[in-house]
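> quick check, what structure comes out for this input:
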Amino acid sequence: MTLRVNKWWLTLGVVWSVIFAGMSFYWAMGGMLGVRSLGGAIYEISLNPEPAFILIVWLTGFVKLLGALVLLLLLIPWRNAVISKVLYYLTKIAGVFLFVYGLLNFITISLSSFAILDMDLEVHATFWRLVFWEPFWMVGGICYFFSVKKQRFI
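Model (predicted):
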């Protein structure tokens, strides 16, 4: 099996992943720009972070870069059908997961903004989560999902 990739979506997915990883690395190094927009416990912890929390932020950055690597591996014409299938399904599953994660967060935060749920988010964080963060997750999911247009069997 060979993979047919959509290089436009793949490129967007790689750029999305690198930007997302860059934010984590920036925050892991002590940067605070944009942290307040996350709100809740993450913001509170980031004000006086423990070493374990900083390690987790570094690790999330590397996991995000791993996503970019998976996308780039789609560009290799693998002769092994198992590798091709694993990359295909991994990319599709990651795309669905990223999109659904953002969508579910968008729904719950929206419900919180109408006082249907209590999420303990300040107005600033609620605004940025609905306008930027959750749509950002969904865009990443779309990029990953459509990076592999279809597969062709040999």
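> how about the strands in the chain?
Listed in chain order, the strands of the chain (DSSP state E) span 2-5, 148-152.
> of these, which shows the lowest average pLDDT?
Here the lowest mean pLDDT among those goes to strand 148-152, at a mean of 71.
> for R79, see how far away F132 is.
F132 is 42 Å from R79, where distance means CB to CB, to the nearest Å. The C-beta positions use only the backbone N, C-alpha and C, and glycine is treated the same way.
> what's the answer for S147, then?
20 Å.
> who has more neighbours out of the two?
Neighbours were counted for S147 and for R79 using other CB atoms under 10 Å; S147 has more, 28 against 10.
> surely the more buried one is in contact with R4?
No - judged on CB atoms under 8 Å, S147 makes no contact with R4 at a distance of 10.3 Å.
> center of the chain, which residue is that?
Closest to where the C-alpha atoms of the chain average out (CA atoms, centre = their mean) is W137, at 5.1 Å.
> now do the helices in this protein.
For the chain, the helices defined by DSSP state H occupy 7-28, 40-47, 51-73, 81-113, 123-128, 134-147.
> rank those by pLDDT, which is bottom?
Minimum mean pLDDT among the helices of the chain: helix 40-47, a mean of 91.
> chain center to it, what's the gap?
19 Å (CA atoms, centre = their mean, to the nearest Å).
> got the angle for that helix vs helix 7-28?
Interaxial angle of helix 40-47 relative to helix 7-28 (axes from the mean of the first three to the mean of the last three CA atoms, to 10 degrees): 50 degrees.
> identify the residues contacting helix 40-47?
The list of residues contacting helix 40-47 from outside it, by CB atoms under 8 Å, 6 or more residues apart in numbering, reads 27, 32, 35-36, 38, 53, 119-121, 125.
> out of these, flag the one nearest to S17.
Lowest distance from S17 to the contacts of helix 40-47 (CB to CB) belongs to W27, with 16.0 Å.
> kind regards, and thank you for your time.
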